[in-house]
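Chemist: Model the following, please.
(2 chains)
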Amino acid sequence: MKRSQLFVKTLREAPADESARNAKLLIQAGYVYKVMAGVYAYTPLGLRVLENIKQIVREEMNAVNGQELVMTSLQRKETWEVTGRWDSDAVDIWFKSRLQDGTEVGFGWSHEEAIIEMMRQYIQSYKDLPISVYQFQTKLRNEVRAKSGIMRGREFVMKDMYSMHSSQEDMDQYYDTVIAAYNCIYERLGLGDSTFVTFASGGAFTKFSHEFQTICEAGEDVLYMNQDHSIAVNGEVLDEASEELHVDKNSLEPVTTAEVGNIFKFGTDKSEKMDFYFTGEDGQRHPIYLASYGVGITRVMGVVIEKCSDDKGLIWPEAIAPATVYLVSIGDIEDEARKLYEMLQNSGIDVLWDDRSVRPGEKFADADLMGIPYRVVISPKTLENQVVEYKARTSSETELLSHDELLKKLHDTKH
RNA sequence: CGGGGAGUAGCGCAGUUGGUAGCGCACGCGGUUUGGGACCGCGGGGUCGCAAGUUCGAAUCUUGUCUCCCCGACCA
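Modeler: Residues are numbered from 1 along each chain as shown, chains lettered A, B, ... in the order given. The predicted model follows:
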């Protein structure tokens, strides 16, 4: 990717109409464009980060036999009337509209009912179970107030997975494997050390759900944790949960967190409401056991920024950065720079080459602001000694390396 | 939805006894520059969020309205 071909521009100053760190930096560095409150468009840079996060999630979902599909944003009224959730008194964040013939439609704020309705057509027998399906969807929610930049928008990308089972035991077992998969996701996103599975309120269909909460000052939740972090409870269910876990709630310390995932078991309640049954080995009809698993993709992106940035700008974890190397070429050395650019790309490294004819200082400032993990500088000075200058975004030290040493270094740091 | 703050050029901002809009950055042209956001000269760009009203005259005063941010409420 050449900087001269990117339409994106960085801003000298952060936008004044945002106060959330993630939104300020993303707009300033050219990753997102704000359309309205809680609604953000993603530039090629922002899209790359989003896709990188999705790919990690996708790999982990595939690893637990999730089958990817994609539902629709337009939803039928009838789909939601079955569970009473079309009613605006029950769900106050609906965006609704009408077809030209007057038919009411809703814009998907969730896809639970929609997916179950669809799966009902394909699942009849115990032989069809278990099954697990997931999608990445843009959810539309008419929030009264959007806030915290991309962390709580009216339009956001979510991965939602649904598993269907013929027995409680099968669901419970699968549920635990998904918890493990989720831990892998947050580990790979660089949030492993600060993300915890917590007890949270269960809502309409189950007593407790599990939330994945990441310690984050910009978060909206308060978690109560014990000393070794083996127990974490959402403040909203502190009393009930501590009782259930047999711990003294006064021994738990509060910490501010952001929810980055939410999973829960519906059991058979929802299936019974939606007439989602299978025929068992006994020849009888039984309700299907259901569980649901969500990850807020765009929200995770925001949380990563809130946790990882400095006064110069963004600092992406390598796993989701839009490029691995920010190549700065200085002086009239286009041919040599192009060779280095191609060499790095050919060895599988994503390079953003700043080939613009602007002053070096501006390129350095942009490299920092955009948060690309490694900066490589090539100039007449480095060429004289057959080296390039290498610097990690997180370090203030530079190193002079030969091309071979550079490749080795970049491949070694990759995991 | 309650409370608070704010809308003036692409971005950040200034602009009070009311007199027809300016600065920095960005942008275009010319030149000098080139390892941490250079400098000089010239130039383009704004129905001052929108709508009414007061006035000879409104960015400025009045009313209404829309939008954005923050706190709260809300949040499968």
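
Chemist: make it CA atoms for all contacts and neighbour counts henceforth
Modeler: Fine.

Chemist: what's near enough to touch the residue nearest in space to the middle of chain A?
Modeler: The centroid of chain A falls nearest to residue A:297 when counting by CA atoms, centre = their mean (2.4 Å). Residues near residue A:297 by CA atoms under 8 Å, 6 or more residues apart in numbering: A:50, A:53, A:54, A:156, A:157, A:158, A:159.

Chemist: So among these, which ones count as buried?
Modeler: Buried subset of those (neighbour count, 16 or more other CA atoms under 10 Å): A:50, A:53, A:54, A:156, A:157, A:158, A:159.

Chemist: What is the host helix or strand of the fourth one packed up against?
Modeler: With the criterion set as DSSP states H and E, the secondary-structure element containing residue A:156 is strand A:155-165. Here strand A:155-165 touches strand A:39-42, strand A:131-140, helix A:168-188, strand A:289-296, helix A:297-307, going by 3 or more CA pairs under 8 Å, 6 or more residues apart in numbering; DSSP states H and E.

Chemist: does any part of that strand sit near RNA strand B?
Modeler: No - against RNA strand B, strand A:155-165 shows no contacts by CA under 7 Å from any atom of the strand, the least distance being 10.8 Å.

Chemist: That strand pairs with which strands?
Modeler: Sheet pairing here is set by DSSP bridges, and for strand A:155-165 it gives strand A:131-140 (antiparallel), strand A:289-296 (antiparallel).

Chemist: check whether the first one contacts RNA strand B.
Modeler: Translated: strand A:131-140. No - applying CA under 7 Å from any atom of the strand, one finds strand A:131-140 separated from RNA strand B by no less than 11.0 Å.

Chemist: What lies in contact with that strand?
Modeler: Residues outside strand A:131-140 that contact it (CA under 8 Å, 6+ apart): A:54, A:61, A:65-71, A:73, A:94-95, A:107-110, A:154-165.

Chemist: Name only those of those residues that count as buried.
Modeler: A:54, A:61, A:66-67, A:71, A:73, A:94-95, A:107-110, A:154-165.

Chemist: Show the backbone phi and psi for residue A:338.
Modeler: Torsion angles at residue A:338 (phi, psi; degrees, to the nearest 10) stand at phi -60, psi -40.

Chemist: what about the strands in the stretch 1-150 of chain A?
Modeler: Counting by DSSP state E, counting those that start in this stretch, the stretch 1-150 of chain A has strands at residues A:32-36, A:39-42, A:67-68, A:74-76, A:95-98, A:104-107, A:131-140.

Chemist: Using JSON lines, lay out those strands together with distance to residue A:150.
Modeler: As requested, the strands of the stretch 1-150 of chain A are exported to JSON lines (distance: least, CA to CA, whole Å):
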{"stretch": "strand A:32-36", "distance to residue A:150": "9"}
{"stretch": "strand A:39-42", "distance to residue A:150": "7"}
{"stretch": "strand A:67-68", "distance to residue A:150": "25"}
{"stretch": "strand A:74-76", "distance to residue A:150": "23"}
{"stretch": "strand A:95-98", "distance to residue A:150": "19"}
{"stretch": "strand A:104-107", "distance to residue A:150": "20"}
{"stretch": "strand A:131-140", "distance to residue A:150": "13"}
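
Chemist: Surely residue A:71 is in contact with residue A:115?
Modeler: Yes - the pair residue A:71 / residue A:115 is scored as a contact, 7.3 Å apart, by CA atoms under 8 Å.

Chemist: In three-state terms, label the one residue in the stretch 251-400 of chain A that gets nearest to RNA strand B for me.
Modeler: Residue nearest to RNA strand B within the stretch 251-400 of chain A: residue A:361 (2.9 Å; CA to the nearest atom of the strand). Following DSSP: H, G, I helix; E, B strand; the rest coil, residue A:361 is assigned to helix.

Chemist: can you give me the mean pLDDT across stretch A:88-108?
Modeler: Across stretch A:88-108, the average pLDDT comes to 95.

Chemist: Mind listing what's buried along it?
Modeler: Buried residues in stretch A:88-108 (16+ other CA under 10 Å): A:94, A:95, A:96, A:105, A:106, A:107, A:108.

Chemist: Over to stretch A:128-142?
Modeler: Of all the residues in stretch A:128-142, those buried under the rule 16+ other CA under 10 Å are A:129-142.

Chemist: what about residue A:326, which SS state?
Modeler: strand.

Chemist: The stretch 51-200 of chain A against RNA strand B: which residues are in contact?
Modeler: Applying CA under 7 Å from any atom of the strand, we find that the stretch 51-200 of chain A lies next to RNA strand B at A:91, A:110, A:143, A:144, A:145, A:146, A:147, A:148, A:149.

Chemist: Counting neighbours, which of the residues you listed comes out on top?
Modeler: When neighbours are counted by other CA atoms under 10 Å, residue A:149 leads those with 22 neighbours.

Chemist: and that residue, what is it in contact with?
Modeler: Residues in contact with residue A:149 (CA under 8 Å, 6+ apart) are A:18, A:20, A:21, A:22, A:23, A:38, A:302.

Chemist: Dump the helices and strands packed on strand A:155-165 into a markdown table; add mean pLDDT and distance to residue A:314 as well.
Modeler: Shown next, in a markdown table, are the helices and strands packed on strand A:155-165 (pLDDT from 0 to 100; distance: least, CA to CA, whole Å):
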| stretch | mean pLDDT | distance to residue A:314 |
| --- | --- | --- |
| strand A:39-42 | 96 | 16 |
| strand A:131-140 | 98 | 25 |
| helix A:168-188 | 97 | 18 |
| strand A:289-296 | 97 | 20 |
| helix A:297-307 | 97 | 7 |
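
Chemist: least trustworthy helix or strand in chain A by mean pLDDT?
Modeler: When the helices and strands of chain A are scored by mean pLDDT, DSSP states H and E, helix A:238-244 comes last with a mean of 83.

Chemist: Residues touching it, excluding its own?
Modeler: Residues external to helix A:238-244 that are found in contact with it (CA under 8 Å, 6+ apart): A:199, A:224, A:233, A:248, A:249.

Chemist: if we go to 6 Å?
Modeler: residue A:249 (CA atoms under 6 Å, 6 or more residues apart in numbering).

Chemist: before we move on, back to that, do you know which of the strands of the stretch 1-150 of chain A lies nearest residue A:86?
Modeler: Closest approach to residue A:86 among the strands of the stretch 1-150 of chain A is made by strand A:104-107 (8.4 Å; CA to CA).
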